[in-house]
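**Q** okay, predicted coordinates and the sequence, questions at the end:
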Protein chains: 2
Amino acid sequence: MANLTESARKMLEGKNFVYLATVNPDGTPQVTPTWVDTDGKFVLVNTAIGRVKHRNVKKNPNVALAITDQNNPYNLVVIRGKVVDQLTGHVADEHIDKMAKKYRGLDKYPNRSPGEQRVILKIEPTRVISR
Amino acid sequence: MANLTESARKMLEGKNFVYLATVNPDGTPQVTPTWVDTDGKFVLVNTAIGRVKHRNVKKNPNVALAITDQNNPYNLVVIRGKVVDQLTGHVADEHIDKMAKKYRGLDKYPNRSPGEQRVILKIEPTRVISR
């Protein structure tokens, strides 16, 4: 496990998007922007069960993410890591509302589809690079 | 080959960063932000020979890239594709200067290391998704 640097923590705590890369079952890469959170040690990404990135990390838990400061795109943190846990249910539901608050100032996440189940991907950083 | 949509072309022509994902030889993903260009059909990324993304696409030409509008991060284009050609020498040198002009208003790319050789990765889109 690698420690998050001070600058990595600040970037993850800020209203910055993270670009999360996973590997598809056929060995090709996949990348999407997503909201992000941290507890200071792990990187937390909230997605919906069944989405591509969730399906991918079930088979291959390795991820990479890049995050740039929205006020300065040349301020960059890259993190390599592994999904070591997945949290569902109430904790994931509350967390997506917390993310909606952080990024959009809303009390509740507004984009929920009927039947959608949220999941927090808990990512252990294995390498943290700030530039 | 997939056609670039009008919105994809505009995003690639704009001063937006693209987040390019490749796969490392050990099967883990890699992602970095980079400047980007298009000739209308292919996606063009200029990197230096020997960098991680260049080494990766030599072994596994599959890439994915996500690009969001700097003025609206919810405006997203995701492209999957394959590196079908690599252009080096004079054409790659001129192209990195063109990129420095586009993104930073400079006549010459200022960050060149001694001995660095530039290469244009010519990416054929196989799937283009706008959201």
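**A** Here it is on my side, so go on.
**Q** could you use CA atoms for every contact and neighbour count after this?
**A** Noted.
**Q** pull the longest helix from chain A.
**A** Among the segments of chain A that qualify as a helix by DSSP state H, the longest is helix A:90-104.
**Q** show the subsequent helix or strand relative to that one.
**A** Past helix A:90-104, heading to the C-terminal end, the next element that is a helix or strand (DSSP states H and E) is strand A:118-130.
**Q** for that following strand, buried residues please.
**A** A:Arg118, A:Val119, A:Ile120, A:Leu121, A:Lys122, A:Ile123, A:Glu124, A:Pro125, A:Thr126, A:Val128, A:Ser130 (16 or more other C-alpha atoms under 10 Å in any protein chain shown).
**Q** that one pairs with which strands, parallel or anti?
**A** In the sheet containing strand A:118-130, its partner strands are strand A:43-48 (antiparallel), strand A:72-88 (antiparallel), by DSSP bridges.
**Q** mean confidence score for it?
**A** Strand A:118-130 shows an average pLDDT of 97 in the prediction.
**Q** contact partners for the closest residue to A:Asp37 other than its chain neighbours?
**A** In space, A:Asp37 comes closest to A:Leu44 once its chain neighbours are excluded; the distance is 4.9 Å by C-alpha to C-alpha, 6 or more residues apart in numbering or on different chains. For A:Leu44, the set of contacting residues under the criterion of C-alpha atoms under 8 Å, 6 or more residues apart in numbering or on different chains consists of A:Val36, A:Asp37, A:Thr38, A:Ile120, A:Leu121, A:Lys122, A:Ile123.
**Q** reformat the residues you listed as JSON lines; add distance to B:Tyr109.
**A** Shown next, in JSON lines, are those (distance: C-alpha to C-alpha, whole Å):
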{"residue": "A:Val36", "distance to B:Tyr109": "33"}
{"residue": "A:Asp37", "distance to B:Tyr109": "35"}
{"residue": "A:Thr38", "distance to B:Tyr109": "36"}
{"residue": "A:Ile120", "distance to B:Tyr109": "41"}
{"residue": "A:Leu121", "distance to B:Tyr109": "39"}
{"residue": "A:Lys122", "distance to B:Tyr109": "39"}
{"residue": "A:Ile123", "distance to B:Tyr109": "36"}
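**Q** verify the stated contact: A:Tyr103 with A:Glu13.
**A** No - under the criterion of C-alpha atoms under 8 Å, A:Tyr103 lies out of contact with A:Glu13, with a separation of 10.5 Å.
**Q** the spatially most central residue of chain A: what's it in contact with?
**A** The central residue of chain A, meaning the one whose C-alpha is nearest the mean C-alpha position (C-alpha atoms, centre = their mean), is A:Val45 at 2.8 Å. Applying C-alpha under 8 Å, 6+ apart to A:Val45 gives the contacts A:Thr34, A:Trp35, A:Val36, A:Asp37, A:Ile120, A:Leu121, A:Lys122, A:Ile123.
**Q** so what's it bridging to?
**A** Beta-bridge pairing of A:Val45, defined through DSSP bridges, involves A:Leu121.
**Q** residues from chain A in reach of chain B?
**A** Applying C-alpha under 8 Å from any C-alpha of the partner chain, one finds that chain A approaches chain B through A:19-23, A:27-33, A:62-66, A:78, A:80.
**Q** how about A:Gly40: what's its closest non-neighbour residue?
**A** Residue nearest to A:Gly40 in three dimensions, not counting chain neighbours: A:Arg9, with 6.5 Å by C-alpha to C-alpha, 6+ apart.
**Q** was I right about the one you found contacting A:Phe42?
**A** No - A:Arg9 is not in contact with A:Phe42 according to C-alpha under 8 Å; the separation is 9.7 Å.
**Q** compare those two and say which is more crowded by neighbours.
**A** More neighbours surround A:Phe42 than the other of A:Arg9 and A:Phe42, with 22 against 19 (other C-alpha atoms under 10 Å in any protein chain shown).
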